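S.K.: got a predicted model here, sequence first, then my questions.
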Amino acid sequence: FQKVYLDAVWLEADFKEVGEEPPISGTRGSGTIFFSGCNLHCIFCQNYQISQLGIGQNAYTAEQFALLMLDLQSRKAHNINLVSPTIWSKEIVEGLEIAKERGLTIPVVYNTNGYDNVKVLRQFKGLIEIYLPDFKYADDKLALKFSGVSNYTKEATLAIKEMFNQVGDLVLNSDGIATRGVLVRHLILPGYIKNSIESLKIIREFSENVHLSLMTQYNPAFKAIGDKKLGKNLSLEESEIVIGEMNKIGFVNGWYQPIKNGAAVCLNPDFTKKNPFN
């Protein structure tokens, strides 16, 4: 590997109040590995320190990466959670093949912004058990303005369909822990709830049993600070409107983040710290 951020590995047990969705974090935690760099350049990215500024980069070989995953398995993580893996697909495939040959059996989560190439995703067939994609935009004008790509909606739609083709709907075990399938995320942006409503309509069409994670945790970060709309937290009113539309659209599976005491729960990490979530 080159420029891969792999020192940032934590179990949910170390920070009870933050983490992933309940079926991913579970009771023992998700073995989370953050990669540096990203194929999107979102102006509001909460992980901008490693996704765009290159803070904390460390080089690992594919074998070292495999050993890291096996160590997380030995620490009883529910899964291996690969965050922003897209640009490192070739190296990740190599590492996963080594790890699985050496006894990696817990599910591997491909935690992505959704802007993935179908041909690349097909390399992961049989190696990834759980896909955790974002679906950020139903409006490519917003995608270009905020993330630097003009074809997000089409490419993310095709990518998520491929994910469903590979692993199907989300499957939970008797303890409510995900073992296989797709869980689609959407982050509501303040001032752009129409984009959220249209995005939810697209997500609903992926499968009759599609599982949704609707996130209200937006708060200004990076280049969004000072922006007329994105420079503020999501409001309770905006959240309630989108949640209401979510119910009207007919979602029956999934999770959403309630806004507590009139404010969103903010999960901005600081990757200059040994534990960025403290």
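M.R.: Nice, I can see it.

S.K.: in the sheet, who's paired with the spatially most central residue of the chain?
M.R.: Residue closest to the mean C-alpha point of the chain, counted by CA atoms, centre = their mean, is N111 at 4.1 Å. Beta-bridge partners of N111, counted by DSSP bridges, are V83, L132.

S.K.: wait, it sits on N81?
M.R.: Yes - using CB atoms under 8 Å, N111 is in contact with N81, at 5.6 Å. For glycine as for every other residue, the C-beta is placed from the backbone atoms N, C-alpha and C.

S.K.: find residues that contact each of those two.
M.R.: Counting by CB atoms under 8 Å, 6 or more residues apart in numbering, the contacts common to N111 and N81 are 20, 132.

S.K.: how about the strands in this protein?
M.R.: All strands of the chain, identified by DSSP state E, fall at 9-10, 31-34, 80-83, 108-112, 130-133, 171-172, 178-187, 211-215, 253-256.

S.K.: put the alpha carbons of the fifth one into CSV.
M.R.: Pointing back at strand 130-133 there. This file holds the C-alpha atoms of strand 130-133, laid out as CSV (Å, rounded to 0.1, in the frame of the first residue of the first chain):
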residue,chain,number,x,y,z
ILE,A,130,-21.8,-6.6,3.5
TYR,A,131,-22.0,-3.4,1.3
LEU,A,132,-22.6,-0.1,3.2
PRO,A,133,-22.9,2.5,0.4
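
S.K.: which strands and helices sit next to that strand?
M.R.: Packing partners of strand 130-133 (3 or more CB pairs under 8 Å, 6 or more residues apart in numbering; DSSP states H and E): strand 108-112, helix 152-167, strand 178-187.

S.K.: what's the angle from the longest one to strand 108-112?
M.R.: If I follow you right, that is helix 152-167. 170 degrees (axes from the mean of the first three to the mean of the last three CA atoms, to 10 degrees).

S.K.: for helix 152-167, buried residues please.
M.R.: 152-153, 155-157, 159-164, 166-167 (16 or more other CB atoms under 10 Å).

S.K.: for stretch 226-241, same thing?
M.R.: Residues 230, 233-236, 238-239, 241 are the ones in stretch 226-241 that count as buried (16+ other CB under 10 Å).

S.K.: low-confidence stretches in the stretch 1-150 of the chain?
M.R.: Within the stretch 1-150 of the chain, the segments meeting pLDDT under 70 span 1-19.

S.K.: and with 50 instead?
M.R.: Applying pLDDT under 50 to the stretch 1-150 of the chain flags the ranges 1-18.

S.K.: ok, which of the helices and strands packed on strand 130-133 comes nearest L121?
M.R.: Closest of these to L121 is helix 152-167, at 4.9 Å (criterion: CB to CB).

S.K.: list the helices and strands that closest one packs on?
M.R.: The contact analysis (3+ CB pairs under 8 Å, 6+ apart) places helix 152-167 against helix 118-121, strand 130-133, helix 140-147, strand 178-187.

S.K.: burial of T27, as a residue count?
M.R.: As a burial measure, T27 scores 12 neighbours (other CB atoms under 10 Å).

S.K.: would you confirm that it contacts D175?
M.R.: Yes - using CB under 8 Å, T27 is in contact with D175, at 7.4 Å.
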